[in-house]
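>>> build me a structure from this.
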Amino acid sequence: MKGKWLIAGIAIILGILSIRQLSYTWYTNKIECEAFENSRDEAHEQIVLDSLANDTLDLGIISYNYRDAKNKEIKLGLDLRGGISVILQVQVRDLLESLADHSENPIFVEALNSADIKQRSQGNRAYVDIFFDEFERIRAEKGQQNLRYASADLFGNRQNASFIEFNESDESVKDKIKKDIDAKIGTAYQVISSRINRFGVVEPVIQRLGGSGDGRILVEMPGEKNKDRIKNLLQSTAKLEFWKVEANNPQVNSYFATLNPQSLGIKTDVQSLQGIIQPAMEGNSLFSVATKDTAIVNEILNSPGLKANMPSNIRNYKYYWGHKPVDTRNTGAVGTFLSLYALSGDQQNAPLLPGDVIDQATGERNAGSISNEPIVTMKMNPEGAQRWSRITEENVGNSIAIVLDNMVYSAPNINEKISGGNSQISGNFTLEEARDLANILQAGSLPASSKIVQLEEVGPSLGQEAINSSLIAFAAVFILILVWMVFYYSRAGIYADIAVTVNILFLLGLMVGLFGATLSLPGIAGIILTLGMAIDANIIINERVKDELFQGKSLKEAISIAYSWKGAISAIVDGHVTSILTAAILLMVGKGPVQGFAITLLIGLFCSLFTAIFLTKLFIDRRLEKGKNVEFFTSITKNWFQGLNVDFMAKRKMFYIISTVVSLACIAIIFVRGFDMGVDFEGGRTYTIRFEQPVNANEIRTTLEQTLTDDDGTTTAPTVKIFGPSNQVKVTTKLKANEESTAVDEEIKQKIYEGVKSFLPNGYSYEDFSKDETEIGIMSVVKVGPTIADDTTRASILAVILALIGVGIYILIRFKWQYGVGIVVGALHDVIVILGLFAAFHGILPFNLEIDQAFIAAILTVIGYSINDSVIIFDRIREYLGLYPKMPFDELINKSTNNTLSRTMNTSISMFLVVLIIFIFGGETIKGFMFAMLIGVIVGTYSSIYISSQIMYDLTKKQEAKKLQAHKD
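Predicted structure coming up:
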């Protein structure tokens, strides 16, 4: 073998680098286990870990400490480690409104409203581009072509005079607006990055999604437990303002106390607010309201008729809630209450002082107070200090409210003039919250509000279970493969096992070291499927050696032919390239975990080519050079699948009929039953909830229907399914799917708790139910906004189409168009059957068959597998066309199919067992994925034998018959 030293050198270098890279993970786990064993509790564990962090592992060529290793260990995804992942959407509408100085031009407002709607169906386009299209359409419809973007009541206002000129062309203004918005989205990205970095999350992922003008930002924080804290940190715009508090205003109190909500057209049984308001529980507020009744007050405050009914002297006040419920344990009140404040500003009804005057902010305890309460200390710039001095002097004896994002954090009394620009925020928050607030103020405000359009929360308990089940599945699959290969191929099987083991070592080392990839549950599935592909490559080579041996070739001749391009190598390369194309398309158009699966599969496929082709040949050559024999079969398996002479072509019309009937039946089932669409495609919120005892999904659905009601009393029927064990369910609801605030998230979680409360242990509180580390209660949450759902649907359809087109083009280049048609038709048949079975059995089988992103990954993997099977047969057909030019074409196809049947069946059986083990042991979250793969292995094997070759034959037989006749003549 030429270049054997080069091959050995590459393998040794990659092996050493991979072992070194994986040693970091081994060492961090070792130190963390020692810390756990030597600690009393979680707090003490961190102290012990800190004491061990500087210990150094010194093995001569390898030397590092825990802190170094921690930065280089295998990064675990959310599904394995727990944590939170969100996609934030910076509200470009807010930016446009701000640039237009909140213009009330009817065409401008209508264009914005229309763009909001159109973005649902055009989620892959930037909002600003949709707005421009809608503005120009509406402008033309209303005959207002003279209305230019540079008009004074649009973007040509005084605040934009520095960069938009009067009567500037529309195209020029559009270009400037796009650049300004992109810059502000960049600012939002920087602000969020600064907040997260100050927060102290280990290994956060923060990246912009989409192209220029796309306001989406991905934030992932594996291992983080405090979900609510992070959501508040991300969504706060940090709009800080100072307002005067109108406390104890008799007109305000009298007006609200006697107000009848029904007089404003609000549907409620409440006749007067006097029945729901309580005396002020926070100093200087108007009154307090139980949190369950705040919805009624909010409807009143947002009512169009409210201002018209108000006395003129209180009409322009701002009415803001306190930022946090009041602690009522010492008041005698029952429940939690929020306080409402009445605030006034300057003569222009603007805040007395904006928050951009803050230079520094620090969260700390107030050492000067007896209670040592947490406070935020702020220092203003010189201009702010001067204005603050004047404001406090004018308001001695009054209260000034410090308002962040329209919520009152504190409203201290002003006892004297405050000079020097220093101020404090004190109130109902913890030291951690004080530090977070200071972090937000220090990092700066967002240029526009942002909303969470996709959210995923995974509890650490569920993550650990995923790790355990994945390790069991991997170990079982690995042992099965090692034993099977030795049983079937004897010593050649041992070499294949070494190649597969080295393949996994290289794969993990490259994933972590070179690509810095994060290992997720779909990624583990990709590793296990890589095992199957690696075994397939070795099977193809070993089967070709056996074929040549049975034809009378010597061992050296058989090995030489098998490892040549005309032997097994072209088939291996063709099969791998089609799978690489499929994985590459998944990487380009997939999202999140699907991308993790794709990159794992891509690295594994390239490693498989190296280990199967070069490494095994190196071992075989070294043994032959020593004059020793290499066995490629055992006495038991020697004649398996040999000497077969099945006439596949004679039955092709029968199989056409069977395949057509099955496909039509599947299509009919799809139309009749439809699919169980996951939250990825439909939007909404999904909660995985675990109970102490087994539960009935229908009973839980019935109770949740009573609590999951909208503000107007409309019931939003949830979907409830047993998810894994009988004491665990998955609840999906579309209630308020378009509302993205943290308050709404909390409201729906509370409604779910009320709905399942009767199934929980006695006295199990909402706090127990929703806390981060729990064995009973909410284990994970996924929230997907409608725009993201529509985006995912388009991307998934595009992925399948691109996969078929890409593979079809490759087959066209490597073979002929008839082969490409046969392969594509076979792959479509497999996809239809899988879709049909998912439609037929969802809600019947005892596991979830949701159509989600993981399912799309499975479909594309099945396409690659099916095509790979067909390519092996086509490769042999092409070879035999050169060897047997006078053989009738149907006989040649039969001969090719029979001679590759050993490989086809061996690979299919191996792959089926691999997938079956993952299906059994791999955890509930990938059961649907693996079920699709199980079907795919069966129908993929069927279509490669009974569909693809037959269709190719019927498209080619006249041409081949003419060639055969020419040879006879």
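
>>> in stretch 616-634, which residues are buried?
Burial within stretch 616-634, assessed by neighbour count using 16 or more other CB atoms under 10 Å, is assigned to Thr616, Lys617, Leu618, Phe619, Ile620, Asp621, Val630, Phe632, Phe633. For glycine as for every other residue, the C-beta is placed from the backbone atoms N, C-alpha and C.

>>> what's the most distant pair in these?
The span of the buried residues of stretch 616-634, defined through CB to CB, is set by Leu618 and Phe633 at 21.2 Å.

>>> now stretch 65-77: how far from the chain's centre is it?
Distance of stretch 65-77 from its chain centroid, counting by CA atoms, centre = their mean, to the nearest Å, is 23 Å.

>>> quick one: end-to-end distance for it.
End-to-end distance for stretch 65-77: 24 Å, by CA to CA, to the nearest Å.

>>> tell me which residues of it are tucked away?
Asn65, Tyr66, Ala69, Lys70, Lys72, Glu73, Ile74, Lys75, Leu76, Gly77.

>>> just the ones in helices from the buried residues of stretch 616-634, please.
Judged by DSSP state H, the subset of the buried residues of stretch 616-634 located in helices is Thr616, Lys617, Leu618, Phe619, Ile620, Asp621.

>>> returning to that earlier point: can you redo the buried residues of stretch 616-634 as CSV with pLDDT and distance to Gly806?
Formatted as CSV, the buried residues of stretch 616-634 follow (pLDDT from 0 to 100; distance: CB to CB, whole Å):
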residue, pLDDT, distance to Gly806
Thr616, 84, 29
Lys617, 84, 30
Leu618, 85, 33
Phe619, 84, 35
Ile620, 85, 34
Asp621, 83, 36
Val630, 82, 38
Phe632, 82, 35
Phe633, 81, 37
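
>>> looking at the buried residues of stretch 65-77, spot the one nearest Ile296.
The closest of those, once distances to Ile296 are taken by CB to CB, is Gly77, at 42.6 Å.

>>> that closest one and Leu519 touch, don't they?
Yes: applying CB atoms under 8 Å, one finds Gly77 in contact with Leu519, separated by 6.3 Å.

>>> find residues that contact each of these two.
Contact criterion CB atoms under 8 Å, 6 or more residues apart in numbering; residues shared by Gly77 and Leu519: Gly596.

>>> mind checking how far Leu555 is from Ala434?
77 Å (CB to CB, to the nearest Å).

>>> start and end of stretch 506-526, how far apart?
Across its full length, stretch 506-526 reaches 14 Å between end residues, using CA to CA.

>>> more crowded one of Leu555 and Ala434?
Ala434 (25 against 16; other CB atoms under 10 Å).

>>> hang on, the more buried one in a helix?
Yes: looking at Ala434 with DSSP: H, G, I helix; E, B strand; the rest coil, it is inside a helix.

>>> surely it touches Thr377?
No: with contacts counted by CB under 8 Å, Ala434 stays clear of Thr377, the gap being 9.4 Å.

>>> between those two, what contacts are shared?
Counting by CB under 8 Å, 6+ apart, the common neighbours of Ala434 and Thr377 are Glu364.

>>> and Ser85, which helix or strand is it part of?
Using DSSP states H and E, Ser85 maps to strand 83-90.

>>> where does the stretch 651-800 of the chain dip in pLDDT?
Across the stretch 651-800 of the chain, residues meeting the criterion (pLDDT under 70) sit at 678-683, 711-716, 724, 737-743, 772-774, 784-796.
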